[in-house]
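Q: model this:
(one chain, ligands or ions: 1)
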Amino acid sequence: MRVLQVCAEMVPLLKTGGLADVCGALPAALQSVGCEVRTLLPGYDAVREGVQVSGTAIDCPAGPDRQPAVRVIPATLRATGHKVYVLESPAWFRRDGGPYLAADGTPWPDNALRFGALGRVAALLGLGLDSSWRPQLLHAHDWHAGLTPLYLRLLAAGRRPPASVFTIHNLAFQGVFPASAMAALGLPGSLFHMEGVEFHGQMSFMKAALVYSDALTTVSPRYAREITSPEQGCGLDGLLRARQAQLTGILNGVDYDIWNPATDALLPLRYDADSPQGKLAIRQRLGQALGLRERPQALLFGAVTRLSEQKGLQLLPPVLDALVAQGGQLVVLGSGDTAQEAALRAAMDRHPGDCVLCTGHDEPLAHQIMAASDVLLMPSRFEPCGLTQMYAMRYGTLPLVHAVGGLADTVTDCALENLADASATGFSFGDFTSQALAAAVRRAFALRQRPDDWAQVRRTAMAARFDWSRAARSYRDLFETLLNRHPDTASTPRAGASPVRSP
Ligand code: ADP
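A: Residues are numbered from 1 along each chain as shown. The predicted structure is shown next:
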């Protein structure tokens, strides 16, 4: 089965969050269950540098008026050999700044066109742009790739398009643009209505994906339920309820080739459940490097996170005094919202030597905090899946989470009955309040007073596995179901399929 994955970021090329981890791991996992996967990515410098060109560039039919010419370059990832198509458009993708935001933190003003092109070119590939490889199914991720299924229908020009699957990694980011983007994207005005792409007077990439994809998935079963409610539905819960029969929650996996303390090259030392001494030594080194007071008995709390309202660190300042007074220390690695960073810094600066805030995106430090900490804080207000809590478990760091979305699906609280049957892996709290967080922190200290229980919970957490093979089988089964409904695209590729025109 030939699958074209469409996404805006992918490990090891470019990463701003968990989306990249998932898109990086899924191709190999799908490959091992019988899918042949290629990935279409925007041609950022980081992408171009990480791939080896493997074929002749393919010119794309012209887009709507005044859009720069684009072409796709067949290539392979230097690190893994995975086959990709690089969407080449220097005007859109080769610039200083982030993939979505300029250096000042504001979205690039032409994001609608940049990511509209991603969806349009994905659809062109789906309809035979590369005569040597035509996908039977397109798997688009998040709003950046959200126009893929719509363009597939528009550009198919009477032919039956390949099947489309859209995965929601975070419903809160929707790709909403002024209505005027419709014309610039070549989308007919007739689609600008409530059952189409219109969202409160604007046009929405996310909504387009939810309306026009054959199937929808999201990244945990709990989040799949939550987003059909007004509280978590971000204004799209009605649509998601209407499409509930096509919506599945498939829990993300962990790439244990990257996240494994026994092999992790980003750690100064390696350790495993059978030889956990290395964890202590990493903690000592990290503490020294970051200027933490030497307190070997202190419980070290860590957080590796985007700083945003979603991640819930706004609950932390009122809890910090008690955390330190009970014998805790805290290291946070975060980047993002500057107001949240300032609030956190003000609170943490009151405890010099016990609390350290590191800013920026730092992959080695992320791994070291994961390894050094006793407890990983993840008090997210909502969390589609969350990866760091699963990484933490593998590193023997007990996750402390707000019980929502994927956090609720993956962390088993240290309640007495879960301690009794050795199923506990961490701490979870129900109300999204500082008081509830403080109570969970107190329970972490209480468990630490019971070394045997702590050791058992750590063993269970380290033994828990969230393998990609399980997720890959679920995706493959879904893809097969769709292909059985699309028999004409399940056949061999039609060589030299005729080029298609823009709508
Ligand atoms: P989200 O995608 O919502 O940000 P996830 O938990 O799904 O959250 O994935 C976050 C990923 O980004 C993890 O791999 C985590 O280690 C990484 N990460 C988050 N913040 C940082 C940071 N400041 N530096 C390095 N890695 C980070």
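
Q: which bits of the chain sit near the ligand?
A: The chain comes close to the ligand at residues 17-19, 21, 304-306, 333-335, 361-363, 366, 385-388, as judged by CB under 6 Å from any ligand atom. (Each C-beta comes from the backbone N, C-alpha and C, glycine too.)

Q: Neighbours of P74, how many?
A: P74 has 19 neighbours, counted by other CB atoms under 10 Å.

Q: now swap in A79 and tell me
A: For A79, the neighbour count with other CB under 10 Å is 12.

Q: what's the answer for A265, then?
A: 8.

Q: again with G17
A: G17: 18 neighbours (other CB under 10 Å).

Q: Report the secondary structure state of the residue nearest to it when sequence neighbours are not counted.
A: Distances taken as CB to CB, 6 or more residues apart in numbering put R306 closest to G17, at 6.2 Å, once the chain neighbours are dropped. Judged by DSSP: H, G, I helix; E, B strand; the rest coil, the three-state class of R306 is strand.

Q: cool, L400 as well?
A: strand.

Q: wait, it sits on L376?
A: Yes - contact criterion CB atoms under 8 Å: L400 and L376 qualify, at 6.8 Å.

Q: residues shared between the contacts of the two?
A: The overlap between the contact sets of L400 and L376 (CB atoms under 8 Å, 6 or more residues apart in numbering) consists of F301.

Q: between these two, who's got more neighbours?
A: L400 (28 against 25).

Q: nearest spatial neighbour of that one, skipping sequence neighbours?
A: Excluding the flanking residues, the one nearest L400 by CB to CB, 6+ apart is F427, at 4.3 Å.

Q: What of S373?
A: Once flanking residues are discounted, S373 sits nearest to G302: 3.2 Å by CB to CB, 6+ apart.

Q: continuing past the helix or strand harbouring that neighbour, what's the next helix or strand?
A: When elements are defined using DSSP states H and E, G302 is found to belong to strand 299-307. Using DSSP H and E, the helix or strand that follows strand 299-307 in sequence is helix 317-325.

Q: these two touch, right, A422 and Q456?
A: Yes - at 5.7 Å, A422 and Q456 qualify as touching, with contact defined as CB under 8 Å.

Q: Give the other helices and strands that the strand holding G302 contacts.
A: With contacts taken as 3 or more CB pairs under 8 Å, 6 or more residues apart in numbering; DSSP states H and E, strand 299-307 sits against strand 328-336, helix 338-348, helix 363-372, strand 375-378, helix 434-448.

Q: picking up where we left off before, wait, isn't the residue nearest to L400 in contact with P399?
A: Yes - counting by CB under 8 Å, P399 is a contact partner of F427 at 7.4 Å.

Q: The two: who's more crowded?
A: Set F427 next to P399 and count neighbours by other CB under 10 Å: F427 wins out with 27 against 24.

Q: contacting residues around N252?
A: Residues near N252 by CB under 8 Å, 6+ apart: G18, D21, V22, V219, S220, C385, L387, M390, G406, F466, A471.

Q: Give me the secondary structure label for it.
A: coil.

Q: Just give the nearest non-adjacent residue to it, would you?
A: In space, N252 is closest to C385, 4.5 Å off (CB to CB, 6+ apart).

Q: Low-confidence ranges, the stretch 351-500 of the chain, go.
A: Low-confidence segments of the stretch 351-500 of the chain (pLDDT under 70): 486-500.
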